[in-house]
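# With the sequence up front, the predicted model follows.
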Amino acid sequence: MHCNCRERGYIKWTLLFLAACLGLIAGLSGFTFYYAQGTSYLQDDPVACKNCHIMREHYDVWVRTSHHSAATCNDCHTPRDFLGKYMVKAVNGWNHSVAFTTGNFPEPLKIKSFNRDIVQNACLNCHQDVTGLMGAGLNGENIDCLHCHSHVGHHRRK
Amino acid sequence: NIQDRKEEAFQYPLNVVEVGEGEIDPEVWGRNFPMEYDLFVKTELDYGETEYGGSTPYSKLEKVPAMKRIWNGYSFAVDHNEERGHYYAAIDQANTQRTKIVDQPGACANCHAAEVPALIEKMGWADFNRTPYNELKPSLMTGSSCADCHDPETMDLRITRPAFKNAMAARGIDLEQATRQEMRTYVCAQCHVEYYFKGEDKLLTFPWTKGLSIDNIDEYYEEIDFADWTHKETGAPMLKMQHPEFEMWSSSIHARSGVACADCHMPFIRQGSVKVSDHWIRSPLTHVNESCQTCHQWDEKELEERVLEIQHKTAALLRSSEEAIVDAIDTIAEARSAGISDDDLAGAMKLQRRASLRWDFVSSENSTGFHSPQEAARILGDSMNLARQAQIAALLAER
Amino acid sequence: NIQDRKEEAFQYPLNVVEVGEGEIDPEVWGRNFPMEYDLFVKTELDYGETEYGGSTPYSKLEKVPAMKRIWNGYSFAVDHNEERGHYYAAIDQANTQRTKIVDQPGACANCHAAEVPALIEKMGWADFNRTPYNELKPSLMTGSSCADCHDPETMDLRITRPAFKNAMAARGIDLEQATRQEMRTYVCAQCHVEYYFKGEDKLLTFPWTKGLSIDNIDEYYEEIDFADWTHKETGAPMLKMQHPEFEMWSSSIHARSGVACADCHMPFIRQGSVKVSDHWIRSPLTHVNESCQTCHQWDEKELEERVLEIQHKTAALLRSSEEAIVDAIDTIAEARSAGISDDDLAGAMKLQRRASLRWDFVSSENSTGFHSPQEAARILGDSMNLARQAQIAALLAER
Ligand SMILES: [Ca+2]
Ligand SMILES: [Ca+2]
């Protein structure tokens, strides 16, 4: 589940660089991405997510879930494969940094289908053994894990 | 990668036998899927009574004597029990007085035996429905089978009963497009629905073209001027409602939220290293943790109490509306014996019918209101209002 | 820009003034808490009508003419409007015909002005309640203030109204032990409750010692043989219900789940980089995302539809029970004019009273059933059943 760190660091910096350039092109100063700590997206330490106070509630709850010991934010919120993983990190990192800077996003936060699919696959990745039979036949149409387990990462309800 | 794993998963169930299209013996399917089979056969067990449900087939007529008055003149007033597990589907139908004192059509068998799809294939839809039940009876051996809900080839859920296909088609719903989650309800809706036998051929039909609410269903039967029986004391043309679980559920918050019958009645349970659907289909009150807790983070006791509070309120309304309907019957009967004509009592009788079918819709729906709490209470409110108006109409007719 | 936002987070609240114990002027409190203040003052705005609520003070009597018949003989039949924001609490009370055509006691003011706690302190509980409203009127300037709900020292929520303290004490509930979450409901329950004026001193009292359900409340008033007015057409001793939001909510799934008034009516909203409680207390239908989405994953439109579906069903039952009650009034009045004695009509009148107060409990509860859908439907069912029985009793009395 965990990758070779040197490799990761390398990809991290290239993407940080890429993202920063994107920033300039978009006419927004790289300062935004840096200061808003969009770089956090490129790390796997959940504490990094917490750099944005609006992620704090999720962090605080996650700490108390059964998954705390099992899965980090990125285990559920980014794909397993490297390229996919860092592309998603760059995309979310960028979008969310911009959103954060402009303050232009709906609250309470609600996961979008793009990220919801990533999470669904993450569930399957870790749990395909226990859920193997649930897929039996049935047009290969996977059952929606979040229909019953949307709370596992961090309960939504108070 | 997930694709591979799914193949794996598909291999996992021991493919010890080839299950053919015509196979209905659960034991044979069970060789490939022992976990589901072992749970499935438990529907033969009596796990006892819950507050309002459970698997002990006590007489409902004794528990709620008012039913004998409300259904007076109909076979339900003679024999009607609390229902139990799928294992008994064919047995209980064969043994009820309702198939003995009445010559029932084959249509009855649609939801009570796994042999049905093959019989329909052989005889044709009209022929099957119209043939006397007693003629078909010898060939109705298997109350419930995997084949009722599964395609032996792929194990996909499938619809095997024509009446549901026809009813959905009539509503413009294409079952081919149904999602997996919808199928987790539709397989049940083949049978857990209100129905009637249409025309000379006794074609099994669901009264849904105007919608699924009781008001739509009332309207539907009015339009085709249908009656199940004539009330023995008042002479009113009556309608009987039967197990409208699917219709009631459709009006619920759970339905709006995409929660399927199988989510609560066949929750996933851990068996060794895998999750399987609990094929011991029964009252969720016997296992609220598996049935409810993944979605509702309340403890077992609290979840049970939530169900019971809803059911107690529904039950109290049921009792009040039974009183109201019986009062209406008494008053109309009195007026009759006082020599008031059928014409002068027509209004009162129509009101009795409308009150009675609404009460019946909630009473014969097997969740005692849980499947849609506000809707069940709303319907019983209308029922009481109509029953008392029937009484008033009869009193005024007497002046 | 973010730089500022990060600082903001630390600078709030600004302690620019010392707010004294006696201070009720929101503007003064607002200097320390400008965000809450800016939202609070918006309760003066008219954000328009929602399907069944909103802040436009239209005449309810014109919208539901049956109210004039049901309350006939009582001041509510003369003037009763849709309620609006807290800003108007003192203004609307001063301007309603209900304080002009009737000499009301000071007790009325309990929930309509921020000066009240000080006045009670000065005059004493009995004296304050018994003194004519018109004498106190000049000193009732502030409809709502921070001081109603907050301790200026700590900003903790606090109870400032004796009637609620007394009522809870009578139920054996110690408000000192209340959790923060409970206080998020209790501050509202100081005012959004059914009440009456007890004895010569007109002491503001909540009828809760037997429980909070309408059946308990009915029992309570029966026992002390209380009536608000005598019905003009039938002579029945009647009861008026007022805004039992807290009582209705108490029977709900939301209450069971620990969801407080403030969770929906004062959701946390982001102001810059801090989250504050939305002090623009109003209909959640104007901001369902903030009000509901913290707990419910559904989108805005779906959430609105869930509320409306519940409300439409409740509204339909309200209309049916108004018809039933008006029919009962007509029939009893007829019987009277036909010369039937009060004694012979006593039963019918008692039924009218019981039907009427149940309808009123749901009708005057301001969520149109949303606060407790099944309970509201259950109560209206009983109301219709009782109203029709009143009609029947009157008809039988005439024989
Ligand atoms: Ca049963
Ligand atoms: Ca209003």
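Looks like it came in fine. Ligands and ions are numbered 1, 2, ... in the order given.
# how about the strands in the chain?
All of this is about chain A. With DSSP state E, there are no strands along chain A.
# my question was about chain B
Under the criterion DSSP E, chain B contains strands at B:196-198, B:203-205, B:229-230, B:237-238, B:268-271, B:274-277.
# A:L133 is nearest to which of the ones you listed?
strand B:274-277 (4.8 Å; C-beta to C-beta). All C-beta atoms are positioned from the backbone trio N, CA, C, and that covers glycine.
# Would you mind pulling the contact partners of that closest one?
The set of residues external to strand B:274-277 that reach it, using C-beta atoms under 8 Å, 6 or more residues apart in numbering or on different chains, is A:129-134, B:12, B:35-36, B:39, B:262, B:266-269.
# at 6 Å what do you get?
If you take C-beta atoms under 6 Å, 6 or more residues apart in numbering or on different chains as the criterion, strand B:274-277 is touched by A:130-134, B:35-36, B:266, B:268.
# Within the sheet, what are the partner strands of it, with directions?
If you go by DSSP bridges, strand B:274-277 pairs up with strand B:268-271 (antiparallel).
# I'd like to know the average pLDDT value across the partner strand.
Taken as a whole, strand B:268-271 carries a mean pLDDT of 92.
# what does stretch B:295-307 give?
pLDDT averaged over stretch B:295-307 gives 96.
# ok so, going back, looking at the contacts of strand B:274-277, which one is closest to chain C?
For the contacts of strand B:274-277, the residue nearest chain C by C-beta to the nearest C-beta is B:F268; the value is 20.7 Å.
# Need the nearest residue in space to that closest one, chain neighbours excluded.
Closest residue to B:F268 apart from its sequence neighbours, by C-beta to C-beta, 6 or more residues apart in numbering or on different chains: B:K275 at 4.4 Å.
# Likewise for B:N166?
Nearest in space to B:N166, with sequence neighbours left out and distances taken as C-beta to C-beta, 6+ apart, is B:T205 at 7.4 Å.
# The one you found: how many residues sit nearby?
19 (other C-beta atoms under 10 Å in any protein chain shown).
# just to revisit the earlier point, show me the contacts of strand B:274-277 that map onto helices.
Cross-referencing these with the helices (criterion: DSSP state H) gives A:130-131, B:35-36 as the overlap.
# neighbour-wise, which of these leads?
Counting neighbours by other C-beta under 10 Å, B:E36 comes out on top of these with 25 neighbours.
# Compute the distance between the residue nearest to B:C188 when sequence neighbours are not counted and B:P267, please.
The shortest distance from B:C188 to any residue that is not its chain neighbour, by C-beta to C-beta, 6+ apart, is 4.3 Å, and that residue is B:C261. Using C-beta to C-beta, to the nearest Å, one gets 11 Å for the distance from B:C261 to B:P267.
# where does the chain dip in pLDDT?
Going with chain A. Using pLDDT under 70 as the threshold, the predicted model of chain A has low-confidence ranges A:1-42, A:135-140, A:156-158.
# hmm, I had chain B in mind actually
Counting by pLDDT under 70, chain B contains low-confidence ranges at B:1-14.
# Chain C contacts on that one?
Taking C-beta under 6 Å from any C-beta of the partner chain as the test, the list of chain B residues beside chain C reads B:313, B:317, B:320, B:373-374, B:377-378, B:380-381, B:384-385, B:388, B:395.
# so which two of the residues you listed are the farthest from each other?
B:P373 and B:L395 (33.5 Å).
# Looking at the two, which is more packed in?
For B:P373 and B:L395, the more surrounded residue by other C-beta under 10 Å is B:P373, and the numbers stand at 26 against 20.
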